[in-house]
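> predicted coordinates and the sequence they were generated for:
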Amino acid sequence: DGGITQSPKYLFRKEGQNVTLSCEQNLNHDAMYWYRQDPGQGLRLIYYSQIVNDFQKGDIAEGYSVSREKKESFPLTVTSAQKNPTAFYLCASSIAGGNTGELFFGEGSRLTVL
Amino acid sequence: RKEVEQDPGPFNVPEGATVAFNCTYSNSASQSFFWYRQDCRKEPKLLMSVYSSGNEDGRFTAQLNRASQYISLLIRDSKLSDSATYLCVVPRFTGGGNKLTFGTGTQLKVEL
């Protein structure tokens, strides 16, 4: 079955530690995205990538980093510079080049900073 | 006005009821709109697209009012399984790809 796989599903970390969230897709989509969701707020775009080896900052990129070395993979690192990292992180992918509005999401990673 | 604004609810309705909720948007140039459904603690999934005046899919109808800059989602004959949060989504026009602005969502609870 084609889809997007995020791991881990739940993650706890101590303050000051970096953590990397994995996102893999086998939909052959060129574009991939990372969103963050907090209670009472809409999804906010962290980073996105429209093609391998290229990515752009979204609305709230500070304290995060990404890489796109393979089409299938778009890992997100939450660094210690991120002030409020506790959130639900969603990875998504789509066909490139158009505003079709259809994003395919992974099941999400719930990060809690202790 | 916010880019996308929704009443957070919750809307509590009995099974079989018809329920509608609106979403307002600020960019008058927006041409397409989307409704996503998100179950509790799950990922959002595309429910419907609205490109012109409206769209209907079974019990679900999405309508667009360009003059007043809002879209609505109507659910007829509500089922318990319709309980979820419905996200209104509007594309942006800066850059390429599917850069979307998500509303905060409207929570629907369908009860026996």
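Arrived safely, thanks for sending.
> hang on, B:Ser49 packs against B:Phe60?
No: between B:Ser49 and B:Phe60 there is no contact under CB atoms under 8 Å: 11.6 Å. Just so you know, the C-beta spots here come from the backbone N, C-alpha and C atoms, and that holds for glycine as well.
> now chain B, which segments are flagged as low pLDDT?
Within chain B, the ranges that satisfy pLDDT under 70 run B:93-98.
> can you tell me the SS state at B:Ala20?
Using DSSP: H, G, I helix; E, B strand; the rest coil, the secondary structure recorded for B:Ala20 is strand.
> secondary structure class for the closest residue to it other than its chain neighbours?
Spatially, and ignoring its direct neighbours in sequence, B:Ala20 is nearest to B:Leu74 (4.4 Å; CB to CB, 6 or more residues apart in numbering or on different chains). The assignment at B:Leu74 comes out as strand when based on three-state DSSP.
> what does B:Ser81 give?
helix.
> surely A:Ser49 touches A:Arg68?
Yes: if you go by CB under 8 Å, A:Ser49 and A:Arg68 touch, sitting 4.3 Å apart.
> what about those two, which has more around it?
For A:Ser49 versus A:Arg68, neighbours defined as other CB atoms under 10 Å in any protein chain shown are more numerous around A:Ser49 (22 against 19).
> the more buried one: helix or strand, and which one exactly?
strand A:44-51 (DSSP states H and E).
> which bits of chain A sit near chain B?
Applying CB under 8 Å from any CB of the partner chain, we find that chain A lies next to chain B at A:31, A:33, A:35, A:40-45, A:48, A:50, A:56, A:58, A:88, A:90, A:94, A:96-103, A:105-108, A:110.
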